[in-house]
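Asks: Just need the structure, nothing else, for what follows:
(4 chains)
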Number of protein chains: 2
Amino acid sequence: MSKYEKSCLIRGDGGRAIRGILDRIGDKWSLLIVATLDDSPLRFSQLQTRVTGISQRMLTRTLRNLERDGLVSRTAYAEVPPRVEYELTATGRTLIGPAVTLAEWAVDYNPEIEEHQAAYDARPDRPGRRVTPRDGAL
Amino acid sequence: MSKYEKSCLIRGDGGRAIRGILDRIGDKWSLLIVATLDDSPLRFSQLQTRVTGISQRMLTRTLRNLERDGLVSRTAYAEVPPRVEYELTATGRTLIGPAVTLAEWAVDYNPEIEEHQAAYDARPDRPGRRVTPRDGAL
DNA sequence: CGGGATCCAATTCGATACTG
DNA sequence: CAGTATCGAATTGGATCCCG
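Replies: Coordinates of the predicted model:
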């Protein structure tokens, strides 16, 4: 694949492809949930235990979105107490590959990037520097 | 790589790796800019032309973040009128691979996912359905 | 030309309380 | 147990004006 072809693939129709996937899994929890479900199907409460720090509301909302996308299936058993199991669909499992690629990149380059950030923040002449902190500068 | 190893890679230290990269490039414009710069170095105004729909402010902000991360380099030439060129760094170029993988997945599965969304939205018994629209349901 | 400053709208997320 | 309802805080993105 040529460099130009790559760029076109990513930028696609005004970036629709990438935009779509990021709208889908670019949020705080989706990818984490997908990765967690890759081990095995889990119940709601098990998910909440394993995905550290997620609130009940965000777990529900994120699962709904993933279900709507067809990446996760939801099975409710008519029992008392109620039991609901979440599982990756076939499509959902195809996402693991790209996610792993991304995670490997993150693991490989995060140290370097964090160093660069620290160096950048220490520059006294960096653009937009001011006395009072702003937006996401610090 | 085993399924468990993959999951651990993604979920890492409570998902720090994935969280980090998504904080970095999970926003609306970063990946688009990186892909655009993969073709060739570009000036600010050229970028704004090529990255459809981006505002001046967001282009500036996103470029600053990418620069801070060490993914993009900024070179200002002391000319009149001023000229500033942005270019992918070596580290920035390493991001193209994972980004392409993700974009390929998006291209492959977006149709299927959009179909599933439509079917899900048409279900009269979908969870959380109500008379008045809410949050991001529609 | 390449931004910075400011203001505003929309969205995201979390905490809390309540329910079948 | 597995959610839903509601609120408010924080973040994100866009429009506009201004400046060297």
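Asks: CA only for contacts and neighbour counts going forward, please
Replies: Will do.
Asks: Let's check: the centremost residue of chain A is which one?
Replies: Central residue of chain A (CA atoms, centre = their mean): residue A:31, 3.5 Å from the mean position.
Asks: Quickly check: the helix or strand it falls within near chain B or not.
Replies: Using DSSP states H and E, residue A:31 sits in helix A:30-39. Yes: Helix A:30-39 comes into contact with chain B (CA under 8 Å from any CA of the partner chain), by way of A:31, A:32, A:35, A:36, A:38, A:39.
Asks: Now do the same contact list for residue A:21.
Replies: Taking CA atoms under 8 Å, 6 or more residues apart in numbering or on different chains as the criterion, residue A:21 is in contact with B:102, B:103, B:106.
Asks: correct me, but the first one touches residue A:98?
Replies: Translated: residue B:102. Yes: with contact defined as CA atoms under 8 Å, residue B:102 counts as touching residue A:98 (5.4 Å).
Asks: Quick check on the two: which one has the bigger neighbour count.
Replies: Between residue B:102 and residue A:98, counting by other CA atoms under 10 Å in any protein chain shown, residue B:102 is the more crowded of the two (24 against 19).
Asks: Torsion angles phi and psi at residue A:42?
Replies: Per-residue torsions, residue A:42: phi -140, psi 160 (degrees, to the nearest 10).
Asks: So for the helix holding residue A:31, mean pLDDT?
Replies: In this model, helix A:30-39 carries a mean pLDDT of 96.
Asks: Equivalent analysis for stretch A:70-83, please.
Replies: pLDDT averaged over stretch A:70-83 gives 95.
Asks: Equivalent analysis for stretch A:98-106, please.
Replies: On average, stretch A:98-106 scores 94.
Asks: Could you name every residue contacting both of residue B:102 and residue A:98?
Replies: Residues touching both residue B:102 and residue A:98 (CA under 8 Å, 6+ apart): there are none.
Asks: Pick out whichever of the contacts of residue A:21 sits closest to DNA strand C.
Replies: Within the contacts of residue A:21, the smallest distance to DNA strand C is 18.1 Å, found for residue B:106 (CA to the nearest atom of the strand).
Asks: Is the closest one in a helix, a strand, or coil?
Replies: Put simply, residue B:106 is helix when judged by DSSP: H, G, I helix; E, B strand; the rest coil.
Asks: And for residue A:80?
Replies: coil.
Asks: Would you mind listing what in chain A touches DNA strand D?
Replies: A:43-46, A:56-57, A:60-61, A:81-85, A:135-136 (CA under 7 Å from any atom of the strand).
Asks: just to revisit the earlier point, go through the residues of helix A:30-39 next to chain B and give me the one with the most neighbours.
Replies: residue A:35 leads the residues of helix A:30-39 next to chain B on contacts (other CA under 10 Å) with 27 neighbours.
Asks: Contact partners for that residue?
Replies: Here residue A:35 is in contact with A:96, B:6, B:7, B:10, B:11 (CA under 8 Å, 6+ apart).
Asks: Would you check how far apart it and residue A:1 are?
Replies: Residue A:35 sits 29 Å away from residue A:1, going by CA to CA, to the nearest Å.
Asks: Take the residues of helix A:30-39 next to chain B and write them to a markdown table, including distance to residue A:18.
Replies: Listed next are the residues of helix A:30-39 next to chain B as a markdown table, based on distance: CA to CA, whole Å:
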| residue | distance to residue A:18 |
| --- | --- |
| A:31 | 15 |
| A:32 | 19 |
| A:35 | 20 |
| A:36 | 23 |
| A:38 | 23 |
| A:39 | 26 |
